[in-house]
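**Student:** Quick one: sequence and predicted model below, then my questions.
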Amino acid sequence: MKHRVALLLALPTVLSAQAVDDSIRAPAPLREFRGVWVATVNNMDWPSRPGLSTEKQQAELIAILDRAASLRMNAIVFQVRPEFDAMYQSGYEPWSRYLTGRQGRAPTPLWDPLAFAVEEAHHRGLELHAWINPYRAAFWRDSTVAVNHVANQFPNLIRPYGQYLWLDPGLPESREFTLRAVVDIVRRYDVDGIHMDDYFYPYPEERRGQRIEFPDAATYDTYRRAGGPLDRSDWRRNNNDEMVRELYAAVKAEKPWVKFGISPFGVWRPGFPATTTAGLDQHEELFADVRKWLNEGWLDYVAPQLYWPVQPADQSFPVLLKWWIDENLKGREIWPGLALYKIPVVGVKHMSAAEIVQEIELTRAQAGARGHVLFNANVLMKNMDRIGDRLAQTYSEPALIPAMPWLDSIAPGKPEASMALDSLETKVVRFQPSDSKILAAWLVQARVDGAWRSAVLPASERVFILSGPDARADAISVSAVDRVGNLSPAAIVRRTP
């Protein structure tokens, strides 16, 4: 296809009989965020193991991107900072051990996975959201960390907790390190979003049946001696509030179109909604008030991890989804996380691929939810329970990512478009932007026998080949899509007899 398009661009063309007809209106495009998490911690999804050759690592990443594109998905959520390390070339944090087998060791030959992933994702029409963990310094507290890792450079910030090393969120320096990393990513890479999951304060650990308290008593005492008025729980929540607020502002200051979203534990608090009895209270145990962040406008989207089945109804996927939508007072995006990882699980927690598809359909039927994110890529790649085959049918039409008018409501200008014949008498449509607005994609719609067919093309494309059923099209609609999803007025090209 690359060579074919290059040939078309290089050869002179002969304009076919055509007319621009503004009376024709193509239907509004389907809008749905279709994402998949690609986890790198413990080599969950990529790379398959540490220390692979650069060529093999790239091939595995390409396979994931190709699979997503072939299913008509439109976003990858790629974990690039699992434990204060980097799946990219950072001047601040060491190379990830999940990449090379030893933290701080650069890949050989040298390459930058994040830069590669962004370029290859965009080439396939996929958004790339960089997924970071804000406070986890080591997944295993006894693992060897690099000389330039935060645990070696600033041990005063580190709090051992259970199996982990964690930065103390009550220390402003802890937040500053994450802020620095995020600004660096947004500034140097053409990412479409910054994403965080549910790890703020760590999930509670126990020792011999007793809850282990997170060791921040000295930090809290310092706060109180300085006149701090908040009790310990409110203080911890405020620490997370400050981080989220500062991160959102910093991302928008660098690139206003870059989205910022969080994927929290799926139940805000037990009893919300009234029928839920979750064993975890993230408000009191992770100290994450995600409802507040959503309604303060500090998030562009929330992807609550709704890893429950459709039945029983009391604590079910549709009940929880509706709660999050009802709490979304600013009209931001709600894209539930779906539990692909439960497909291979044996026992009562098993979920089938059919149920995952059912949850997608329920999301589509629920006003206020326009997308979902699948966890995780490994299950998708292995096509467990034929989940990929089922999704191919579920995603039968391409979809644009929902627009975010609070970031920018100005649409791109109407593109220039024309129909032409190449030297082999193949009909093509050529198009180009009419203004300088940065684009994310093109929406091309072809009217064939009275029905419209849609294609979403990467922003770099300038040619659409009318092949197969599209060769019979009597009208083509071309619209530009900007980085926050605004759709330009359509340029309509109509073939005349």
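**Tutor:** Done, it's in.
**Student:** mind checking how far residue 81 is from residue 255?
**Tutor:** Residue 81 sits 18 Å away from residue 255, going by C-beta to C-beta, to the nearest Å. For the C-beta atoms, the positions are set from N, CA and C on the backbone; glycine is no exception.
**Student:** Compare the two (neighbour count), which wins?
**Tutor:** Using other C-beta atoms under 10 Å as the criterion, residue 81 and residue 255 rank with residue 81 on top: 26 against 15.
**Student:** ok, the spatially closest residue to the more buried one that is not a sequence neighbour to residue 78 distance?
**Tutor:** For residue 81, ignoring the flanking residues on the chain, the nearest one in space by C-beta to C-beta, 6 or more residues apart in numbering is residue 132 at 4.0 Å. Between residue 132 and residue 78 the computed distance is 10 Å (C-beta to C-beta).
**Student:** Just give the number of residues close to the residue nearest to residue 81.
**Tutor:** Neighbour count of residue 132, defined by other C-beta under 10 Å: 20.
**Student:** Just the buried positions in the helix or strand containing residue 77, please.
**Tutor:** Under the criterion of DSSP states H and E, residue 77 resides in strand 75-81. Neighbour-count burial for strand 75-81, counted by 16 or more other C-beta atoms under 10 Å, picks out 75-81.
**Student:** Tell me which stretches of the stretch 351-497 of the chain form helices.
**Tutor:** 353-365, 377-381, 387-394 (DSSP state H, counting those that start in this stretch).
**Student:** Residue 219 belongs to a helix?
**Tutor:** Yes: looking at residue 219 with DSSP: H, G, I helix; E, B strand; the rest coil, it is inside a helix.
**Student:** Can you tell me, leaving aside adjacent residues, what's nearest to it?
**Tutor:** Using C-beta to C-beta, 6+ apart, the closest residue to residue 219 is residue 170 (4.0 Å).
**Student:** what secondary structure does the one you found sit in?
**Tutor:** Residue 170 ends up coil, using three-state DSSP.
**Student:** and the gap between it and residue 284?
**Tutor:** For residue 170 relative to residue 284 (C-beta to C-beta), the value is 16 Å.
**Student:** Looking at these two now, which is surrounded by more residues?
**Tutor:** Neighbour comparison, residue 170 and residue 284: the larger count goes to residue 170, with 22 against 14 (by other C-beta under 10 Å).
**Student:** re the thing from before, in a markdown table, list the buried residues of strand 75-81 along with distance to residue 213 and pLDDT.
**Tutor:** Shown next, in a markdown table, are these (distance: C-beta to C-beta, whole Å; pLDDT from 0 to 100):
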| residue | distance to residue 213 | pLDDT |
| --- | --- | --- |
| 75 | 38 | 98 |
| 76 | 37 | 98 |
| 77 | 32 | 98 |
| 78 | 34 | 99 |
| 79 | 28 | 98 |
| 80 | 31 | 98 |
| 81 | 27 | 98 |
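**Student:** so how far is the first residue of stretch 416-432 from its last?
**Tutor:** Length of stretch 416-432, first residue to last, C-alpha to C-alpha, to the nearest Å: 5 Å.
**Student:** same check, this time on stretch 345-361
**Tutor:** Counting by C-alpha to C-alpha, the terminal residues of stretch 345-361 are separated by 22 Å.
**Student:** now that stretch, how far from the chain's geometric center?
**Tutor:** 22 Å (C-alpha atoms, centre = their mean, to the nearest Å).
**Student:** Would you point out which residue is most central in this structure?
**Tutor:** In the chain, the centroid-proximal residue (C-alpha atoms, centre = their mean) is residue 77; its distance is 3.7 Å.
**Student:** tell me the domain ranges of this structure?
**Tutor:** 2-28+407-495, 33-394 (automatic domain parsing).
**Student:** okay, the ones you listed, which one's buried deepest?
**Tutor:** Highest mean neighbour count of these: domain 33-394, a mean of 18 (counted as mean count of other C-beta atoms under 10 Å).
**Student:** Can you measure across it, start residue to end residue?
**Tutor:** With C-alpha to C-alpha, one end of domain 33-394 sits 13 Å from the other.
**Student:** again, but for stretch 388-403
**Tutor:** With C-alpha to C-alpha, one end of stretch 388-403 sits 26 Å from the other.
**Student:** can you tell me which residues contact residue 258?
**Tutor:** 186, 191-194, 251-252 (C-beta atoms under 8 Å, 6 or more residues apart in numbering).
**Student:** So for it, what's the pLDDT?
**Tutor:** At residue 258, the predicted lDDT confidence score is 98.
**Student:** Make sure the residue nearest to residue 81 is actually in contact with residue 180.
**Tutor:** No: the criterion here is C-beta atoms under 8 Å, and residue 132 misses it with residue 180 at 11.4 Å.
**Student:** How about the contacts made by residue 187?
**Tutor:** Contacts for residue 187 were tallied using C-beta under 8 Å, 6+ apart; they are 254-255.
**Student:** And residue 33, by the same measure?
**Tutor:** 74-75, 301, 333, 335, 370-373, 401-402.
**Student:** Look up the closest residue to residue 471, ignoring the ones flanking it.
**Tutor:** residue 427 (6.2 Å).
**Student:** so the one you found touches residue 468, yeah?
**Tutor:** No: with contact defined as C-beta under 8 Å, residue 427 does not count as touching residue 468 (11.6 Å).
**Student:** Check the gap between the closest residue to residue 280 other than its chain neighbours and residue 201 for me.
**Tutor:** Spatial nearest neighbour of residue 280, chain neighbours left out: residue 265 (6.2 Å); criterion: C-beta to C-beta, 6+ apart. To residue 201, residue 265 is 12 Å away according to C-beta to C-beta.
**Student:** The residue nearest to the centre of the chain contacts residue 36, correct?
**Tutor:** Yes: if you go by C-beta under 8 Å, residue 77 and residue 36 touch, sitting 6.9 Å apart.
**Student:** anything in contact with each of the two?
**Tutor:** residue 373.
**Student:** quick one on the thing from earlier: what residues are bridge-paired with the residue nearest to residue 471?
**Tutor:** residue 421 (DSSP bridges).
**Student:** Looking at it now. What's its pLDDT?
**Tutor:** pLDDT, residue 427: 88.
**Student:** so who does it touch?
**Tutor:** 16, 419-421, 465-466, 471.
**Student:** again, only using 10 Å
**Tutor:** 16, 18, 419-421, 464-467, 470-473, 476, 495 (C-beta atoms under 10 Å, 6 or more residues apart in numbering).
**Student:** which non-adjacent residue is nearest residue 85?
**Tutor:** In space, residue 85 is closest to residue 96, 4.1 Å off (C-beta to C-beta, 6+ apart).
**Student:** Hmm, that neighbour is touching residue 87, no?
**Tutor:** Yes: between residue 96 and residue 87 there is a contact at 5.3 Å, judged by C-beta atoms under 10 Å.
**Student:** on that earlier part again, going by distance to residue 140, which of the contacts of residue 33 wins?
**Tutor:** Using C-beta to C-beta, residue 373 comes nearest to residue 140 of the contacts of residue 33, at 26.6 Å.
**Student:** for that closest one, which residues make a bridge with it?
**Tutor:** residue 35, residue 337.
**Student:** list the contacts for residue 479?
**Tutor:** Contacts of residue 479 by C-beta under 10 Å, 6+ apart are 26, 29, 400, 411-412, 414-415, 417, 431, 441-445, 486-492.
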